[in-house]
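Colleague: give me coordinates for this.
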Amino acid sequence: MRPRYLRVPAVAPVLLLIAALVLAACGGGAAEEATGTAGGPMMTATAAPTTAGSPAASPGGSPVASPGGSPTAGMGALTGWATPSETETGTIALLLPETKTARYESADRPFFEAHFRQLCPNCTIIYSNANQDAAAQQQQAEAALTNGAQVLVLDPVNSDAAGAIAEIAQAQGVPVIAYDRAILNSDGVSYYISFDNVRVGRLQAETLMRALEGITNPQIVMINGSPTDNNAGQFKQGAHSVFDPLVQQGQLTIAMEYDTPDWSPDQAQNEMQQALTALGNQVDGVYAANDGTASGAIAAMKAAGLSPLPPVTGQDAELAGIQRILAGEQYMTVYKAIKPEAEVAAELAFALLTGQDVPASVTGGRTVNNNAIDVPAVLLTPVAVTRDTIQDTVVADEFWTVEQICTPEYAAACADAGLQ
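Modeller: Numbering: from 1, shown residues only. As a prediction, this is how the structure comes out:
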């Protein structure tokens, strides 16, 4: 008899966040670049009053994503407001958290740097990646401040620990932008830009349940993200908001659940191997919090000889994840339009550096409480991507081109999916 609800103890408590109404954005000499090397509290979001033309919201407050079509179409209002300057000089720092998730080096960094250089060709960008080491990230931030950084754009390894970085920056009069992940417990944060992360988890869970329609009381494994990442708790909260009522109604079994240190695909593979052993390979679906953890879960199931593979979720629309979806190994991913996220962050950084006013329309009055203050927030719209919607999402937005996706190994799968 299968267990009804056996949960592996979480490494950290579930982080809570009520979903906010969502905004979205799109956009596009060389600056000097200095490259550095690596040396769950509640958050609440407050939306501006609803006005005509604002996104539709579900009763729970999460936005309703429009089916199909480019998720960034018509969203250019949030970029293009900063006035470029050929004469301004100054130094900012971009501090990213890790390399195990491919998006940071392949998308966030190049999009941010390219747009910032358009705005300020004579400015300097100090870049560092902490390789999932919170102590190293603090050292990198302190080094950037020592080297003259006048604005920090910080995507924290550890949302709690990053509060100390914001406090150090604030003491030196340096504004901080929390990029993609929240910085908690500090009043030194000027802006927060990310996605509606609770909605991300809901999209993953809703799409997985659609894939499991027709199976009586399906049994799933949950492989969540890093317990030190505030976003991971929000993804998990969103997923459980879909799963838990079904569990209570006897329509779903969460057989095993893990929090994955450092978002490591290798750890995810180990977790999935443990689950398969405990469950005798009886798994109907896998909630994987991102494409990296999905890759680990899929590797474990392939090694165990599961065929066909059960549906597996993901996030970030990594190239390898899109290709796995085409090959039938992964069921879905969540596309988060990183280009507008990075470009809005670049414009905010430039405005803070040069003293330009930020239009109220950029945040629309939305804030996210980080347990110290209500931080002005830009929250972008996530979109679920399956095999049938690759063309209308990541290809339509030129996030990946057909040429990049449809390498010889995937040519037949691309033809079957009608990618062109």
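
Colleague: and E409, that one's in a helix?
Modeller: Yes: according to DSSP: H, G, I helix; E, B strand; the rest coil, E409 belongs to a helix.

Colleague: ok, it to A297 distance?
Modeller: 21 Å (Cβ to Cβ, to the nearest Å). No exception for glycine: its C-beta is placed from N, CA and C like everyone else's.

Colleague: the two: which is more packed in?
Modeller: A297 (32 against 10; other Cβ atoms under 10 Å).

Colleague: residues in contact with that one?
Modeller: Contact analysis of A297 by Cβ atoms under 8 Å, 6 or more residues apart in numbering lists 221, 223, 268-269, 271-272, 286, 288, 312.

Colleague: who's in contact with stretch 196-209?
Modeller: Identification of contacts with stretch 196-209 by Cβ under 8 Å, 6+ apart yields 17-20, 22, 62-63, 65, 220, 231, 234-243, 246, 252, 285, 287, 289, 311, 313-315, 331-332, 334, 336, 379-384, 386.

Colleague: figure out how far it is from the centre of its chain.
Modeller: Mean-position distance between stretch 196-209 and its chain equals 12 Å (Cα atoms, centre = their mean, to the nearest Å).

Colleague: would you mark the buried spots in it?
Modeller: Neighbour-count burial for stretch 196-209 flags 196-209 (criterion: 16 or more other Cβ atoms under 10 Å).

Colleague: care to break this structure down by domain?
Modeller: 17-196+338-381, 198-335+385-417 (automatic domain parsing).

Colleague: and these, which one averages the lowest pLDDT?
Modeller: For the domains of the chain, mean pLDDT drops lowest on domain 17-196+338-381, to a mean of 80.

Colleague: how far is that one from where the chain is centred?
Modeller: On the basis of Cα atoms, centre = their mean, domain 17-196+338-381 sits 12 Å off its chain's mean C-alpha point.

Colleague: hang on, the earlier thing: out of the contacts of A297, list just those in strands.
Modeller: Among these, DSSP state E puts 221, 223, 286, 288 in strands.

Colleague: ok, and the most crowded of those residues?
Modeller: Ranked by neighbour count (other Cβ under 10 Å), the ones in strands among the contacts of A297 have A288 at the top, with 32 neighbours.

Colleague: what's the separation between it and S361?
Modeller: Following Cβ to Cβ, the distance that separates A288 from S361 is 36 Å.

Colleague: kindly report the same for T124.
Modeller: To S361, T124 is 29 Å away according to Cβ to Cβ.

Colleague: before we move on, what about A134?
Modeller: From A134 over to S361 the distance is 34 Å, taken as Cβ to Cβ.

Colleague: which one's more surrounded, these two?
Modeller: A134 (19 against 11).

Colleague: who's in contact with the more buried one?
Modeller: The contact partners of A134, taken as Cβ under 8 Å, 6+ apart, are 156-158, 161-162, 228.

Colleague: and those residues, which of them are buried?
Modeller: Burial by neighbour count, 16+ other Cβ under 10 Å: within the contacts of A134 this picks out 156-158, 161-162, 228.

Colleague: isn't L379 right next to R366, touching?
Modeller: Yes: taking Cβ atoms under 8 Å as the definition, L379 is a contact partner of R366 at 6.4 Å.

Colleague: who has more neighbours, these two?
Modeller: Between L379 and R366, L379 has the larger neighbour count (other Cβ under 10 Å), namely 25 against 21.

Colleague: surely the more buried one is within a strand?
Modeller: Yes: under three-state DSSP, L379 sits within a strand.

Colleague: residues contacting P310?
Modeller: Counting by Cβ under 8 Å, 6+ apart, P310 touches 283-286, 301.

Colleague: also A171?
Modeller: Under the criterion of Cβ under 8 Å, 6+ apart, A171 has no contact partners.

Colleague: so Y127: helix, strand or coil?
Modeller: With three-state DSSP as the basis, the three-state label of Y127 is strand.

Colleague: just say helix, strand or coil for Y258.
Modeller: Following three-state DSSP, the label given to Y258 is strand.

Colleague: you'd agree I126 is up against A144?
Modeller: Yes: in terms of Cβ under 8 Å, I126 counts as a neighbour of A144; the distance is 4.7 Å.

Colleague: so between the two, which is more surrounded?
Modeller: Higher neighbour count among I126 and A144: A144, with 27 against 23, using other Cβ under 10 Å.

Colleague: make sure the more buried one is indeed in a helix.
Modeller: Yes: the assignment for A144 by three-state DSSP puts it in a helix.

Colleague: now do the contacts for it.
Modeller: Residues in contact with A144 (Cβ under 8 Å, 6+ apart) are 36, 93, 95, 126, 128, 152.

Colleague: distance to L279 added to those residues, as a markdown table?
Modeller: Output for those, formatted as a markdown table (distance: Cβ to Cβ, whole Å):
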| residue | distance to L279 |
| --- | --- |
| G36 | 44 |
| A93 | 46 |
| L95 | 40 |
| I126 | 48 |
| S128 | 42 |
| L152 | 45 |
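
Colleague: now I373. Nearest residue, chain neighbours left out?
Modeller: Ranked by Cβ to Cβ, 6 or more residues apart in numbering and with sequence neighbours excluded, the top spatial neighbour of I373 is D187, at 4.5 Å.

Colleague: what about the one you found, distance to P175?
Modeller: 12 Å.

Colleague: neighbour count winner among those two?
Modeller: The residue with more neighbours, out of D187 and P175, is P175; 21 against 14, by other Cβ under 10 Å.

Colleague: so the spatially closest residue to the more buried one that is not a sequence neighbour, which of the three states?
Modeller: The shortest distance from P175 to any non-neighbouring residue, by Cβ to Cβ, 6+ apart, is to S190 (4.2 Å). Here S190 takes the strand state, with states given by three-state DSSP.
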